[in-house]
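K.L.:
The sequence isn't on hand, but the structure is:
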């Protein structure tokens with residue numbers, strides 16, 4: 001075991017497998033549903049960025065490169081000032097949903113360089129302009145652009161053209177779990193000397209529950225280079241720091257004068273540091289004060305061209321006379337070496353250096369996106385924030401029927417700025433690369449979503465805070481199997497107890513799907529948008545005109561996959577516990593019924609050789625919505641094999657499955673299974689061999705789904721063949737949009753009408769690989785279609801993985817496709833190894849689009865790199 005693996009092994013015995021201190025501070029708390037107490041539910045306008053530096057939060061904190069304890073009692077992050085900005089740089093800036101021509105978007109340059117699961121070593125890089133930050137320019141330019149134009153990014157403003165910026169690198173190295181060394185290195189990239197002010201800031205989260213504490217948390221001065229932070233639940237912590245120019249105290253409370261016009265009871269408000277440093281107001285008062293709930297030592301530097309300054313701090317639960325003994329800096333190189341050892345054990349040795357860097361940054365970003373998430377819906381609905389009274393708009397508005405939901409946990413977020421809230425299906429994907437590093441935490445995250453303070457009593461899982469009742473694809477059972485198999489490969493033994501726990505909860509959720517999303521009881525499912533935002537002609541989550549019904553190919557396919565995954569889990573458990581054998585049979589039979597419905601109840605179009613949603617009309621025959629998209633490709637996901645030796649260990653399952661097969665064959669009923677007399681496994685799939693060939697002809701056609709960077713969400717066929725339908729005199733149309741969204745559906749900040757999405761590509765690759773394991777060289781296809789190049793399906797899966805990985809890799813000229821027109825910046829020596837992990841990628845040229853730090857599900861690229869290394 002490496003040192004990190006030993007630490008993770010110790011976490012196995014904890015109730016919650018989590019380090020007390022980690023990167024649990026969000027990168028955006030403003031503009032969230034939790035902070036919205038308005039009548040109208042307009043979260044973006046109720047708490048905008050402009051108020052974030054002087055208005056305190058109620059449900060969490062945010063900051064740059066921030067850390068906190070796992071209940072976010074005490075937080076640490078950096079604040080900066082380039083001596084030109086109108087505000088301190090305390091948090092990352094970005095546009096609210098209505099400000100951006102493609103929805104909300106962060107407009108900063110920052111990078112998650114390194115991290116390990118225990119957070120004993122972490123690195124974060126922020127690039128801070130030396131010119132005045134172009135807040136208004138970015139807002140105005142994006143506001144003037146149409147949806148058919150690209151977003152205006154910070155690299156478009158020109159402020160980075162001449163390297164006129166600071167690289168601010170924050171590194172954390174733990175002495176032990178409650179003793180953290182902090183290094184802040186500021187490097188001047190410009191050709192001239194430049195000034196900067198740095199405020200390493202320690203503060204207490206101003207949660208309303210603090211009112212119930214016997215004593216208010218407080219930070220008090222001990223000496224010129226130390227303070228003590230006291231909280232009755234957390235205990236005492238000490239921040240040690242090198243001699244600053246000055247030190248400032250204030251309180252983390254709202255500046256009511258700026259928010260409501262009401263005179264402040266005290267000058268010690270949240271934005272007091274802004275006034276003191278920038279406007280020189282009350283600076284003597286803040287320096288004189290020796291206590292508060294927010295504190296910062298202040299460092300002023302004029303850094304010569306190309307040179308650096310370094311600040312060291314130490315946050316510890318130990319009181320000490322000398323926090324920086326000779327050689328203390330060695331802790332950083334020591335922990336870095338431990339991190340290297342850890343990743344050397346995860347990333348295969350035969351992987352190229354570039355791919356190793358990509359995989360490591362992907363996994364580091366996944367770890368940086370852990371966030372403390374606090375949301376008690378009942379309390380939120382029935383209390384005031386002190387600005388807006390409790391109102392019917394909120395009481396009967398968003399999430400009012402989720403009063404049971406009381407979340408207060410550290411959760412893996414999709415992107416701590418763009419999506420600083422969990423999404424149930426995103427999280428399932430996160431857990432797979434997480435399992436490469438920390439299977440224990442991955443299992444805990446999946447199980448957490450099943451707990452009674454998350455799952456609704458009727459079995460529905462919460463989608464995301466903007467609308468918990470939205471329906472996401474049920475991928476949790478699939479993710480549980482993936483995690484189980486990863487851990488079993490690592491340790492040689494699978495965690496059957498985990499499978500049993502999650503299986504019990506998934507049965508409840510599966511039943512909810514059956515009762516709520518199969519209203520006719522014919523095993524054809526709907527479900528709404530199913531996480532695919534604008535994939536359809538219209539919002540699939542709303543009631544259709546004339547009460548028409550949409551029979552969804554993807555809803556039905558996801559449920560076929562769900563049933564098959566549940567069968568696989570039950571079979572795995574039944575080998576050691578025969579009480580699960582009957583459950584395996586139950587889901588085996590249910591899968592067959594869903595497969596029959598998908599294939600025989602009109603979702604397959606024999607002319608196009610593709611699966612489509614079917615639109616039910618009250619006065620006419622149902623019609624296919626002939627949109628060639630991921631909706632039809634989801635049929636590939638429900639595929640599994642049963643090993644005959646496993647079946648033979650389960651006599652009841654074998655007997656029942658044999659009877660079902662004989663009965664259905666005798667009565668000429670649909671049969672989805674395939675086996676070979678000489679083979680040792682049975683194939684179960686929604687798509688039979690001939691239709692599989694048909695779908696793969698579409699999938700592997702470069703003029704349809706296959707792009708240089710993977711599989712497109714919508715076929716390029718629709719670039720010149722728009723699909724249109726008219727309902728009640730309203731015309732709906734869809735076309736291939738390979739880049740940013742040109743529609744406003746679901747906020748318009750993501751696009752499923754052409755781009756490449758990593759999680760869907762991962763599912764496609766895994767599914768095709770499973771088919772390949774069964775068929776071997778007996779099933780060959782052209783890849784790409786029309787090339788004459790014959791491949792078996794395992795080879796096809798590898799080719800698709802290479803294409804996805806190529807989005808991130810340097811080409812012969814040192815360019816990465818995901819950087820697009822900004823490669824000029826990333827070709828500079830100091831930036832050439834920096835990789836961003838976008839939400840999705842342009843369907844033609846591979847440019848990164850959407851959220852730029854989606855090392856939630858986009859970190860799956862690390863799994864693809866690992867898996868491909870086995871075959872190269």
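P.N.:
Nice, I can see it. Keep in mind that what you see is a predicted model, and the values were worked out from it rather than measured.
K.L.:
What's opposite the residue lying closest to residue 422 once chain neighbours are set aside in the beta bridge?
P.N.:
Distance criterion C-beta to C-beta, 6 or more residues apart in numbering; nearest residue to residue 422, sequence neighbours excluded, is residue 411 at 4.7 Å. C-beta here means a position set from N, CA and C on the backbone, and glycine is covered the same way. Judged by DSSP bridges, the bridge partners of residue 411 are residue 371.
K.L.:
what residue ranges in the protein score low on pLDDT?
P.N.:
208-211, 543-547, 617-620, 677 (pLDDT under 70).
K.L.:
for it, which residue is closest to the average position?
P.N.:
In the chain, the residue lying closest to the centroid (C-alpha atoms, centre = their mean) is residue 414, at 1.6 Å.
K.L.:
just checking, it touches residue 428?
P.N.:
No: look at residue 414 against residue 428 with C-beta atoms under 8 Å: they stay out of range, at 11.5 Å.
K.L.:
hmm, back to that, what about the residue nearest to residue 422, distance to residue 51?
P.N.:
From residue 411 across to residue 51, the span is 26 Å (C-beta to C-beta, to the nearest Å).
K.L.:
Stretch 824-843: which residues count as buried?
P.N.:
Neighbour counts over stretch 824-843 (16 or more other C-beta atoms under 10 Å) mark 825-826, 831-832, 834-843 as buried.
K.L.:
again with stretch 502-512
P.N.:
Result for stretch 502-512 [16+ other C-beta under 10 Å]: buried residues 502, 503, 505, 506, 507, 508, 509, 510, 512.
K.L.:
again with stretch 452-463
P.N.:
Buried positions in stretch 452-463, judged by neighbour count with 16+ other C-beta under 10 Å: 454, 455, 456, 459, 460, 461, 462, 463.
K.L.:
out of those residues, what pair is the most spread apart?
P.N.:
Using C-beta to C-beta, the two most remote members of these are 459 and 463, lying 13.7 Å apart.
K.L.:
re the thing from before, looking at residue 411 and residue 51, which is more packed in?
P.N.:
Neighbour totals were compared for residue 411 and residue 51, and residue 411 leads with 19 against 16 (other C-beta atoms under 10 Å).
K.L.:
Next up, the contacts around the more buried one.
P.N.:
370, 371, 373, 422, 427, 445, 448 (C-beta atoms under 8 Å, 6 or more residues apart in numbering).
K.L.:
From residue 31, how far off is it?
P.N.:
From residue 411 to residue 31 the distance is 18 Å (C-beta to C-beta).
K.L.:
List just the nearest of the buried residues of stretch 824-843 to residue 861.
P.N.:
residue 837 (7.4 Å).
K.L.:
list the contacts for the closest one?
P.N.:
Here residue 837 is in contact with 361, 362, 365, 808, 852, 853, 854, 855, 858, 859, 861 (C-beta under 8 Å, 6+ apart).
K.L.:
Identify the bridge partners of it.
P.N.:
Bridge pairing for residue 837 - DSSP bridges - gives residue 853.
K.L.:
quick revisit: filter the contacts of residue 411 down to the ones in helices?
P.N.:
The helices, defined by DSSP state H, take in 427, 445, 448 from these.
K.L.:
The last one against residue 454, yeah?
P.N.:
Meaning residue 448. Yes: in this structure residue 448 lies within contact range of residue 454 using C-beta under 8 Å: 6.6 Å.
K.L.:
still on that earlier bit, could I get the ones in helices among the contacts of residue 411 in TSV, plus columns for distance to residue 309 and neighbour count?
P.N.:
As requested, the ones in helices among the contacts of residue 411 are arranged in TSV below (distance: C-beta to C-beta, whole Å; neighbours: other C-beta atoms under 10 Å):
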residue	distance to residue 309	neighbour count
427	40	27
445	39	25
448	42	19
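K.L.:
From the opening residue of stretch 84-96 to its closing one, how far?
P.N.:
By C-alpha to C-alpha, to the nearest Å, the extent of stretch 84-96 from end to end equals 24 Å.
K.L.:
so what's the residue nearest to the centre of the chain closest to, chain neighbours aside?
P.N.:
Nearest one to residue 414, counting by C-beta to C-beta, 6+ apart, is residue 856 at 3.7 Å.
K.L.:
Around the one you found, how many other residues sit close by?
P.N.:
30.
K.L.:
Could I get the contacting residues of it?
P.N.:
366, 369, 412, 413, 414, 415, 419, 426, 427, 429, 430.
K.L.:
List buried residues within those residues.
P.N.:
Judged by 16+ other C-beta under 10 Å, buried ones among these: 366, 369, 412, 413, 414, 415, 419, 426, 427, 429, 430.
K.L.:
What helix or strand is the first one located in?
P.N.:
Taking DSSP states H and E as the definition, residue 366 sits inside helix 353-368.
K.L.:
which parts of that helix are buried?
P.N.:
Neighbour counts over helix 353-368 (16+ other C-beta under 10 Å) mark 354-368 as buried.
K.L.:
Packing partners of it?
P.N.:
strand 109-115, strand 121-129, helix 330-344, helix 424-450, helix 860-869 (3 or more C-beta pairs under 8 Å, 6 or more residues apart in numbering; DSSP states H and E).
K.L.:
Out of the ones you listed, flag the one nearest residue 649.
P.N.:
Between the helices and strands packed on helix 353-368, helix 424-450 lies closest to residue 649; by C-beta to C-beta that is 25.3 Å.
K.L.:
thinking residue 592 is in contact with residue 660, fair?
P.N.:
Yes: between residue 592 and residue 660 there is a contact at 6.8 Å, judged by C-beta under 8 Å.
K.L.:
Who has more neighbours out of the two?
P.N.:
residue 592 (23 against 17).
K.L.:
Can you give me the separation between that one and residue 606?
P.N.:
Distance from residue 592 to residue 606, by C-beta to C-beta: 22 Å.
K.L.:
Residue 456 now?
P.N.:
The value you get for residue 456 to residue 606, if C-beta to C-beta is used, is 40 Å.
K.L.:
and what of residue 22?
P.N.:
In terms of C-beta to C-beta, residue 22 sits 54 Å off from residue 606.
K.L.:
Those two: which has the busier surroundings?
P.N.:
Taking other C-beta under 10 Å, residue 22 and residue 606 do not tie; residue 22 has more neighbours (25 against 8).
K.L.:
which non-adjacent residue is nearest that one?
P.N.:
Per C-beta to C-beta, 6+ apart, closest to residue 22 is residue 119, 4.2 Å.
K.L.:
Need the three-state assignment for the one you found.
P.N.:
coil (DSSP: H, G, I helix; E, B strand; the rest coil).
K.L.:
my guess is it contacts residue 20, does it?
P.N.:
No: with contacts defined as C-beta under 8 Å, residue 119 does not count as touching residue 20, sitting 9.6 Å away.
K.L.:
neighbours of residue 754, just the number please.
P.N.:
So residue 754, with other C-beta under 10 Å, has 25 neighbours.
K.L.:
That one is in contact with residue 712, isn't it?
P.N.:
Yes: if you go by C-beta under 8 Å, residue 754 and residue 712 touch, sitting 5.5 Å apart.
K.L.:
quick one: common contacting residues for these two?
P.N.:
Contacts common to residue 754 and residue 712, judged by C-beta under 8 Å, 6+ apart, are 736, 738, 843.
K.L.:
give me every residue that touches the residue nearest to residue 480 when sequence neighbours are not counted.
P.N.:
Excluding its sequence neighbours, the residue lying closest to residue 480 (C-beta to C-beta, 6+ apart) is residue 502, at 4.9 Å. By C-beta under 8 Å, 6+ apart, the contact set of residue 502 is 443, 446, 447, 450, 476, 477, 480, 569.
K.L.:
What separation is there between residue 502 and residue 561?
P.N.:
Applying C-beta to C-beta to residue 502 and residue 561 gives a distance of 16 Å.
K.L.:
again with residue 516
P.N.:
From residue 516 across to residue 561, the span is 18 Å (C-beta to C-beta).
K.L.:
So for stretch 263-281, what gets flagged as buried?
P.N.:
Buried, per 16+ other C-beta under 10 Å, within stretch 263-281: 267, 268, 269, 270, 271, 272, 273, 274, 275, 276, 277, 278.
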